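Engineer: Just need the structure, nothing else, for what follows:
(chains A and B)
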Number of protein chains: 2
Amino acid sequence: MPRSQGSGAPIASPAAAAVFTTVLTRGPASRVDVCRLTGLSSAAVTKAARPLIEAGYLRELAPTGRTAPGAGRPASPLAIAPEREYFVGIKITGDDLIGVVTDLGSRIVTSRHRPVPGFDVRTDASTTSMEPADVVAAIAALTTELLDEHPGFRERTHRLGVAISGDVDRGTGTVRYSPFLGWRDVPLAALLDEATGLTTTLENDVKALAVAEHWFGEGVGTSSFALVTVGTGIGSAFVVNGGLVSGAFGVSGEIGHVPIGVDGPRCHCGATGCLEAVASTQALLTEARRATGVDDLTIDQAVDLARSGDQVLRKVFAIAGRAIGLGLAVVANLLGPERLVVSGEGLDAYDLFEESIREAFSAQAYGSAGRCGLTIRPLPFEEWARGAATVAVQCMVSASG
Amino acid sequence: MPRSQGSGAPIASPAAAAVFTTVLTRGPASRVDVCRLTGLSSAAVTKAARPLIEAGYLRELAPTGRTAPGAGRPASPLAIAPEREYFVGIKITGDDLIGVVTDLGSRIVTSRHRPVPGFDVRTDASTTSMEPADVVAAIAALTTELLDEHPGFRERTHRLGVAISGDVDRGTGTVRYSPFLGWRDVPLAALLDEATGLTTTLENDVKALAVAEHWFGEGVGTSSFALVTVGTGIGSAFVVNGGLVSGAFGVSGEIGHVPIGVDGPRCHCGATGCLEAVASTQALLTEARRATGVDDLTIDQAVDLARSGDQVLRKVFAIAGRAIGLGLAVVANLLGPERLVVSGEGLDAYDLFEESIREAFSAQAYGSAGRCGLTIRPLPFEEWARGAATVAVQCMVSASG
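Structural biologist: Numbers count the residues shown, from 1 in each chain, chains lettered A, B, ... in the order given. Modelled structure (predicted):
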């Protein structure tokens, strides 16, 4: 069946999309600033903004500043009306579904978790195979729960964003390959359109998070931007020349499979020395158990012991941090991003990593590539779902252009 | 003084630039193909093409194919008129200047070499410092020699492209940092505008070569494209989302400073294990001398001995090839280019490298990133100068838009 068209903001031209995006991500903004940031004339901005104001997506704030006599009307900055539309964002993880409702400005207004029926968290994720129908039903149920929380949500929500790790084709809404679900070529967006009645946008989870950071986080206003996530896997996504780097064959941002040490450990991908084989949460735990001789050590115990001064474990974390820092330098040396954000659930213990990450990055970054701003911080799990919702916002803006 | 404006093709709108670029890089092309490739309407293509045809930059070829009765006029494909304008391209190397004249279609019509006065090829390039005035005078003299070769050249040449390694800002025409010339912040393009009477475009040499490959070589028609050059240094440049990746702080494509082995040799940049410290021509020679114990071995001798079956030297080349292959896999895993070209004077002996490059690439490329087409070939030195000329062509197209 054909994918349905979502309702949403009346964006009828590339100029309207540019104006709306600018106010959404940089606003409130004076009309002068919108002209400067979009390169459009004052008349073009006024023409593009009018239907968006009439439909309630943009509003004019009270005039600011004084105006000299004869200088015309004082400026009324443009701002979005955040509650005009809501978006559902859902991240599919190896454990459960995380869902949020965000407003137009990507602020989380509610969140919920829900297990996928039949999913056994004790099972090794790489051997799990889940039926698409079960996942679709669980997502539809979670969406209903979220939208039932407030009378306004259902009425003002037209779009669903879904984020999942692996090889995802946003254009066709297909999961081309998901190792942890055991899926190949599943048309998940179309299945979810039908099950939820919303227009679904599907994106790789790290790319979705990069979109959220670029539009509403650390990446706002940058010409090039990189996000690296550290956790069960190690991934990255880049914004270059105004767009996500998507990869001609579906693969990009696989920083986890950059060879950091030629003679390093064997990676699950078959190569040796991959960053993921050194610094993923599992790799870190394996090394911590080996170094301490405690076979049933948990990651939380390893973190606690390292924080209380255990030198053996502190060194394990430092070695992983060094590998991450080298990986970041590879990104900086090749792409020269203006800003680099390192995040992910693996950085909950970033106090144990940060120094060695920064040291290795500085040593390996080439010349002025090292001037790239480096933000290192943990990532609440809801942020993944917020990323999914942001992709739905982005799709509303561009779909109508 | 303000930079001068070059004469050239009458390109008055983004649509005209798109039509001209399409015919230049993909032509001869039917109007239907031009519409498809540019996304413009038939009327817009006709409007954009007319002044370019009138000024002699585009021409209509004789109609091709038969037309069914009533189907209107037969199609007349659009093509460039290559001799309508010529371009000078000059590459500044550590040894001398290499200059070419190309036609509009980037075909080399003549080439010359010229030493820079006072440059001593026996000096270690890293300690040389040359006066900008001397280099400018030498480039101006070489340009005059080239343009005097044929009566038509001077009259139809308005633009000069100059390629140089290091940190170059095309926008302002400044050499921000050239290690081998010992320059910082030299406004070379403005100096050359004045000395030659041509409009000068300055670009990093590897980026210029990538532009040439993207417009007229292996990269034509690709959505994303990567070029890696191997020689005295190891560099790379990428085309992503329709543009060169330029780096927010002037650095990008520094694949030579990707850490291939954590415990590898010390690099001149201060880090350890850089690809350039393992596989540049100098690194290879150092390792060949160490492995054979012959302190005055030359690179040509090393190549000859390896080709005649010397197993020690064959292994030295294979190890360097493996490092290059891993570096290519890093690019593929991060950017997922549609095509990857490996070239440079260091690949004159590519028969000794190719197998180990391909093996290491295949082993490290992640999933479908390995489907990226991989071309490995040597690079005649004139190609660097042709790259410089191509950047001048590109500047003519975009400057008027």
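Engineer: The stretch 151-300 of chain A against chain B: which residues are in contact?
Structural biologist: On the criterion Cβ under 8 Å from any Cβ of the partner chain, chain B has as its neighbours in the stretch 151-300 of chain A the residues A:167, A:177, A:222-224, A:236, A:238, A:240-243, A:245-255, A:257-264, A:269-271. Quick note: C-beta positions are derived from backbone N, CA and C, even for glycine.
Engineer: surely A:Ala237 meets A:Asn204?
Structural biologist: Yes: contact status for A:Ala237 versus A:Asn204: in contact at 7.4 Å, counting by Cβ atoms under 8 Å.
Engineer: Of the residues of the stretch 151-300 of chain A next to chain B, which belong to strands?
Structural biologist: When strands are assigned by DSSP state E, the members of these inside them are A:Asp167, A:Tyr177, A:Ser236, A:Phe238, A:Val240, A:Gly243.
Engineer: Only the buried subset of those, as a PyMOL command please.
Structural biologist: Command for PyMOL that selects the buried part of these, burial taken from 16 or more other Cβ atoms under 10 Å in any protein chain shown:
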select buried, chain A and resi 167+177+236+238+240
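Engineer: CSV please, covering the ones in strands among the residues of the stretch 151-300 of chain A next to chain B and showing pLDDT.
Structural biologist: Listed next are those as CSV, based on pLDDT from 0 to 100:
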residue, pLDDT
A:Asp167, 88
A:Tyr177, 88
A:Ser236, 97
A:Phe238, 97
A:Val240, 95
A:Gly243, 89
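Engineer: which among the ones in strands among the residues of the stretch 151-300 of chain A next to chain B gets closest to chain B?
Structural biologist: A:Gly243 (4.2 Å; Cβ to the nearest Cβ).
Engineer: Is that closest one in contact with B:Ser224, as I believe?
Structural biologist: No: applying Cβ under 8 Å as the test, A:Gly243 and B:Ser224 come out as separate, 10.8 Å apart.
Engineer: got any residues that touch both of these two?
Structural biologist: Overlap between the neighbourhoods of A:Gly243 and B:Ser224 consists of B:Asn241, taking contacts as Cβ atoms under 8 Å, 6 or more residues apart in numbering or on different chains.
Engineer: Look up the closest residue to the residue of the stretch 301-401 of chain A found nearest chain B, ignoring the ones flanking it.
Structural biologist: For the stretch 301-401 of chain A, the residue closest to chain B is A:Gly336, as judged by Cβ to the nearest Cβ, at 2.4 Å. Distances taken as Cβ to Cβ, 6 or more residues apart in numbering or on different chains put B:Gly247 closest to A:Gly336, at 2.4 Å, once the chain neighbours are dropped.
Engineer: contacting residues around A:Val135?
Structural biologist: Counting by Cβ under 8 Å, 6+ apart, A:Val135 touches A:Ile92, A:Val116, A:Leu181, A:Leu188.
Engineer: So among the residues you listed, where is pLDDT lowest?
Structural biologist: The member of the contacts of A:Val135 with the lowest pLDDT is A:Val116, and it reads 77.
Engineer: Secondary structure class of the closest residue to it other than its chain neighbours, three-state.
Structural biologist: Nearest residue to A:Val116 in three dimensions, chain neighbours excluded: A:Ala138, at 4.8 Å (Cβ to Cβ, 6+ apart). With DSSP: H, G, I helix; E, B strand; the rest coil as the basis, A:Ala138 sits in helix.
Engineer: Let me know the pLDDT of A:Ala138.
Structural biologist: If you check A:Ala138, the pLDDT there is 94.
Engineer: what's the answer for A:Ala125, then?
Structural biologist: For A:Ala125, the model assigns a pLDDT of 45.
Engineer: Do I have it right that A:Gly166 meets A:Val175?
Structural biologist: Yes: counting by Cβ under 8 Å, A:Gly166 does reach A:Val175; the two are 6.5 Å apart.
Engineer: The two - which one has more neighbours?
Structural biologist: A:Val175 (25 against 19; other Cβ atoms under 10 Å in any protein chain shown).
Engineer: for the helix or strand containing A:Thr200, packing partners?
Structural biologist: A:Thr200 is located in strand A:199-204, with elements delineated by DSSP states H and E. In terms of contacts (3 or more Cβ pairs under 8 Å, 6 or more residues apart in numbering or on different chains; DSSP states H and E), strand A:199-204 is packed against strand A:157-164, strand A:167-169, helix A:188-196, helix A:382-399.
Engineer: between it and strand A:157-164, how many degrees?
Structural biologist: 20 degrees (axes from the mean of the first three to the mean of the last three Cα atoms, to 10 degrees).
Engineer: if we look at strand A:199-204, which residues are touching it?
Structural biologist: For strand A:199-204, using Cβ under 8 Å, 6+ apart, the contacting residues are A:3-6, A:158-170, A:173-175, A:188-190, A:192-193, A:211, A:237, A:387-388, A:391-392, A:394-395.
Engineer: Is it possible to mark the buried ones in those?
Structural biologist: Among those, the ones that count as buried by 16+ other Cβ under 10 Å are A:6, A:158-170, A:173-175, A:188-190, A:192-193, A:211, A:237, A:387-388, A:391-392, A:394-395.
Engineer: which helix of chain A spans the most residues?
Structural biologist: The single longest helix within chain A, with elements called by DSSP state H, is helix A:311-335.
Engineer: Touching the helix or strand that that one is followed by from outside, list them.
Structural biologist: Sequence-wise, the next helix or strand downstream of helix A:311-335 (DSSP H and E) is strand A:339-343. Contact partners of strand A:339-343, identified using Cβ under 8 Å, 6+ apart, comprise A:209, A:213, A:217-219, A:222, A:225-230, A:324, A:328, A:331-332, A:357, A:372-379, A:383.
Engineer: contacting residues around A:Lys91?
Structural biologist: Under the criterion of Cβ under 8 Å, 6+ apart, the neighbours of A:Lys91 are A:Leu97, A:Ile98, A:Gly99, A:Val162, A:Ala163, A:Ile164, A:Asp205, A:Phe381, A:Trp384, A:Ala385, A:Gly387, A:Ala388.
Engineer: Check pLDDT for the residues you listed and point me to the minimum.
Structural biologist: Taking pLDDT as the measure, these have their low point at A:Phe381 (85).
Engineer: For the closest residue to it other than its chain neighbours, grab phi and psi.
Structural biologist: Nearest-residue entry for A:Phe381: A:Ile98, 5.6 Å, with adjacent residues in sequence omitted and distances by Cβ to Cβ, 6+ apart. Phi and psi for A:Ile98, reported as degrees, to the nearest 10, are phi -120, psi 120.
Engineer: any idea how far stretch A:84-99 is from the chain center?
Structural biologist: Using Cα atoms, centre = their mean, to the nearest Å, the distance from the centre of stretch A:84-99 to the centre of the chain it belongs to is 12 Å.
Engineer: ditto for stretch A:39-55
Structural biologist: Averaging C-alpha coordinates over stretch A:39-55 and over its chain gives two centres that are 29 Å apart (Cα atoms, centre = their mean).
Engineer: That stretch near chain B at all?
Structural biologist: No: judged by Cβ under 8 Å from any Cβ, stretch A:39-55 makes no contact with chain B; its nearest approach is 11.7 Å.
Engineer: dump the residue contacts of A:Glu60.
Structural biologist: Residues near A:Glu60 by Cβ under 8 Å, 6+ apart: A:Ile53, A:Ser76, A:Pro77, A:Leu78, A:Ala79.
Engineer: Which of those residues has the largest number of neighbours?
Structural biologist: For these, neighbours were counted using other Cβ under 10 Å, and A:Leu78 has the most, 24 neighbours in all.
Engineer: Tell me how far A:Leu202 lies from A:Val391.
Structural biologist: With distances defined as Cβ to Cβ, to the nearest Å, the gap from A:Leu202 to A:Val391 amounts to 8 Å.
Engineer: which neighbours do these two share?
Structural biologist: With Cβ under 8 Å, 6+ apart as the test, A:Leu202 and A:Val391 both reach A:Gly161, A:Ala163, A:Arg170.
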